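> attaching a predicted model along with its sequence, questions to come.
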Amino acid sequence: MNRRPPVTDWTTDFDHLDPRWVENPYPIWDELRQKCPIAHTERFMGVYLPTRYEDVRTVAYDTEHFSSHRVVVRENLPPKGGAPPITTDPPKHQGAKAVLLPAFTPEAIERHTPKTREICRDLVDGLVGRPACDAAADYAQEIPVRLMAHMLGIPAQDGDRFRGWIHDLLELGITDDAVTQRATDEMTEYFRAQADKRREQPSDDLISYLLSARINGNPLSDNHFFGSLRLLLVAGIDTTWSAIGACLWHLATHDEDRRRLVAEPDLLPVAVEEFLRAYSPVTMAREIVKETRINGTTFKPGEMVLLSFPAANRDPAVFPDADRVVIDRGTNRHAAFGLGIHRCIGSNLARMEIRTALEQWLARIPEFRLAPNAKVRWSEGAVRGPRSVPIVIG
């Protein structure tokens with residue numbers, strides 16, 4: 001955790017790296033909705049924070065005034081390179097997104113369900129019979145690492161390297177440019193070696209797929225190719241393990257919900273949507289490129305917007321009992337996967353992984369609870385999820 005000046009007024013000096021925000025941001029967002037439509041801070045070179053669903057939606061859909069070239073709020077400007085399509089604006093965005101879409105359709109993802117089930121079963125096999133474990137580190141974090149390695153055609157045993165890069169880019173790198181640059185360079189060199197192998201011997205994986213991809217008849221540039229691979233590795237792993245970990249944390253602390261899902265497994269898809277709403281892991285950002293005014297606030301060019309989809313999903317004006325998890329909630333138009341042209345292309349994959357992870361866990365470990373005096377540790381930065389959930393089994 002970084003040592004930073006404490007926040008004294010969330011409306012004019014917020015800091016999403018403040019320990020109070022990292023530990024429990026929900027009361028802060030509630031306070032901001034009541035006090036001001038949109039907060040602002042001079043930290044991070046100037047950032048605005050809308051906490052109401054409609055304001056978040058307005059920014060997300062407005063590509064004229066808000067650019068996606070910078071999608072993480074950092075102390076300094078990010079290194080060059082980007083991660084298409086998430087860091088591209090119209091008109092280039094459409095082509096970059098179209099390249100990846102075929103690999104993430106419902107039909108394409110369904111082919112990965114048996115492998116996901118196998119991964120989850122293997123992990124659960126190693127936990128059954130133990131009196132305790134860490135539901136985040138021993139289970140949630142392993143699933144997307146192994147599945148994404150399978151999809152990319154890279155060794156699952158490199159998982160510790162993947163975790164290190166993710167930690168560097170999404171947490172430490174927010175305040176340390178050298179860490180960001182080192183992690184970016186290491187990932188590029190790693191994928192360069194993998195790409196060289198595919199050029200000699202193509203395979204049925206995402207690296208080979210991107211090597212053969214074309215936009216307007218042209219192969220992807222090196223920046224586009226390596227940026228997309230970095231995006232798939234980071235976004236395809238950290239967001240999903242954070243969501244799975246949050247689900248297990250909730251079930252470890254809410255006996256009634258856990259036992260109901262064990263008794264009514266058909267309710268799981270609906271419950272997953274509610275977990276996604278209530279514990280949305282991803283907060284993106286936008287750079288203001290042209291002055292505009294939203295809900296009484298003037299957005300100044302050059303500054304950033306912290307686009308908190310998690311805060312939008314807790315807006316009581318849109319979701320009744322917004323701060324209560326209702327696992328059989330009916331209408332649930334949450335924004336966990338974003339809004340606008342950059343809505344997550346991996347939503348089908350994430351839903352499948354979360355659902356399969358909970359199915360396999362609850363079938364074999366129906367009774368578990370948070371360990372006495374457990375210290376649940378949450379990540380800081382653009383993706384929020386529990387990094388440690390110590391539980392007692394049985």
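Yep, that arrived. Residues are numbered from 1 along each chain as shown.
> where do the helices sit along the stretch 101-250 of the chain?
Ranges of helices in the stretch 101-250 of the chain, per DSSP state H, counting those that start in this stretch, are 106-110, 113-125, 142-152, 159-170, 177-200, 206-212, 222-253.
> okay, these in JSON lines with mean neighbour count, mean pLDDT and distance to Pro301 next?
For the C-beta atoms, the positions are set from N, CA and C on the backbone; glycine is no exception. Listed next are these as JSON lines, based on neighbours: other C-beta atoms under 10 Å; pLDDT from 0 to 100; distance: least, C-beta to C-beta, whole Å:
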{"stretch": "helix 106-110", "mean neighbour count": "13", "mean pLDDT": "97", "distance to Pro301": "39"}
{"stretch": "helix 113-125", "mean neighbour count": "16", "mean pLDDT": "98", "distance to Pro301": "44"}
{"stretch": "helix 142-152", "mean neighbour count": "22", "mean pLDDT": "96", "distance to Pro301": "37"}
{"stretch": "helix 159-170", "mean neighbour count": "19", "mean pLDDT": "90", "distance to Pro301": "26"}
{"stretch": "helix 177-200", "mean neighbour count": "15", "mean pLDDT": "95", "distance to Pro301": "23"}
{"stretch": "helix 206-212", "mean neighbour count": "18", "mean pLDDT": "97", "distance to Pro301": "34"}
{"stretch": "helix 222-253", "mean neighbour count": "24", "mean pLDDT": "95", "distance to Pro301": "25"}
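> and the ones you listed: which comes nearest Asn313?
Set against Asn313 and scored by C-beta to C-beta, the helices of the stretch 101-250 of the chain come closest in helix 222-253, at 12.4 Å.
> grab the most central residue of the chain for me.
Thr239 (2.8 Å; C-alpha atoms, centre = their mean).
> one step back: adding distance to Ala335, write the helices of the stretch 101-250 of the chain out as TSV.
As requested, the helices of the stretch 101-250 of the chain are exported to TSV (distance: least, C-beta to C-beta, whole Å):
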stretch	distance to Ala335
helix 106-110	20
helix 113-125	25
helix 142-152	21
helix 159-170	20
helix 177-200	27
helix 206-212	26
helix 222-253	14
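> what about the nearest residue to Cys133 once chain neighbours are set aside, distance to Ile365?
Spatial nearest neighbour of Cys133, excluding adjacent residues (C-beta to C-beta, 6 or more residues apart in numbering): Leu127 at 5.2 Å. Distance, Leu127 to Ile365, by C-beta to C-beta, to the nearest Å: 7 Å.
> which residues are in contact with each of those two?
Residues touching both Leu127 and Ile365 by C-beta atoms under 8 Å, 6 or more residues apart in numbering: Ile393.
> any chance you could map the strands in the chain?
Taking DSSP state E as the criterion, the chain carries its strands at 38-41, 47-50, 66-67, 132-134, 214-215, 218-219, 283-288, 292-294, 297-299, 304-308, 368-370, 377-378, 386-388, 390-393.
> pLDDT averaged over the first one, what's the number?
When pLDDT is averaged over strand 38-41, the result is 98.
> pLDDT score for the closest residue to Val22 other than its chain neighbours?
Nearest residue to Val22 in three dimensions, chain neighbours excluded: Glu380, at 4.5 Å (C-beta to C-beta, 6+ apart). If you check Glu380, the pLDDT there is 91.
> picking up where we left off before, TSV for the strands of the chain, including mean neighbour count and distance to Met352?
Formatted as TSV, the strands of the chain follow (neighbours: other C-beta atoms under 10 Å; distance: least, C-beta to C-beta, whole Å):
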stretch	mean neighbour count	distance to Met352
strand 38-41	22	35
strand 47-50	24	31
strand 66-67	20	31
strand 132-134	18	24
strand 214-215	13	27
strand 218-219	12	30
strand 283-288	22	22
strand 292-294	15	35
strand 297-299	17	37
strand 304-308	25	25
strand 368-370	18	23
strand 377-378	18	25
strand 386-388	21	21
strand 390-393	20	24
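> make TSV from those and add distance to Arg324 to it.
Formatted as TSV, the strands of the chain follow (distance: least, C-beta to C-beta, whole Å):
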stretch	distance to Arg324
strand 38-41	24
strand 47-50	23
strand 66-67	32
strand 132-134	27
strand 214-215	45
strand 218-219	50
strand 283-288	21
strand 292-294	28
strand 297-299	29
strand 304-308	19
strand 368-370	19
strand 377-378	20
strand 386-388	19
strand 390-393	23
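> relative to Thr88, which of those is closest?
strand 66-67 (9.6 Å).
> can you give me the offset of the closest one from its chain's centre?
Mean-position distance between strand 66-67 and its chain equals 20 Å (C-alpha atoms, centre = their mean, to the nearest Å).
> direction included, what does it pair against?
Using DSSP bridges, the strands paired with strand 66-67 in its sheet are strand 283-288 (antiparallel).
> got the angle between the strand it pairs with and strand 304-308?
Interaxial angle of strand 283-288 relative to strand 304-308 (axes from the mean of the first three to the mean of the last three C-alpha atoms, to 10 degrees): 150 degrees.
> outside of strand 283-288, which residues touch it?
16, 47-48, 59-60, 65-73, 299-311, 338, 342, 382-384.
> same thing but at 7 Å, please
Under the criterion C-beta atoms under 7 Å, 6 or more residues apart in numbering, residues 59, 65-73, 299-310, 338, 382 lie in contact with strand 283-288.
> ok, stretch 357-371 next?
Outside stretch 357-371, the residues that touch it by C-beta under 7 Å, 6+ apart are 117, 120-121, 124, 127-128, 132, 139, 143, 244, 247, 252-253, 261-262, 265, 268, 390-394.
> quick one: buried residues of that stretch?
Neighbour-count burial for stretch 357-371, with 16 or more other C-beta atoms under 10 Å as criterion, is recorded at Ala357, Leu358, Glu359, Gln360, Trp361, Leu362, Ile365, Phe368, Arg369, Leu370, Ala371.
> and the residues you listed, which two are furthest apart?
Largest separation among the buried residues of stretch 357-371 by C-beta to C-beta: Glu359 and Ala371, giving 23.6 Å.
> mind checking how far the closest residue to Thr253 other than its chain neighbours is from Pro102?
Counting by C-beta to C-beta, 6+ apart, Thr253 lies nearest to Leu370, which is 5.4 Å off, once chain neighbours are set aside. Leu370 sits 41 Å away from Pro102, going by C-beta to C-beta.
> that'll do, ta.
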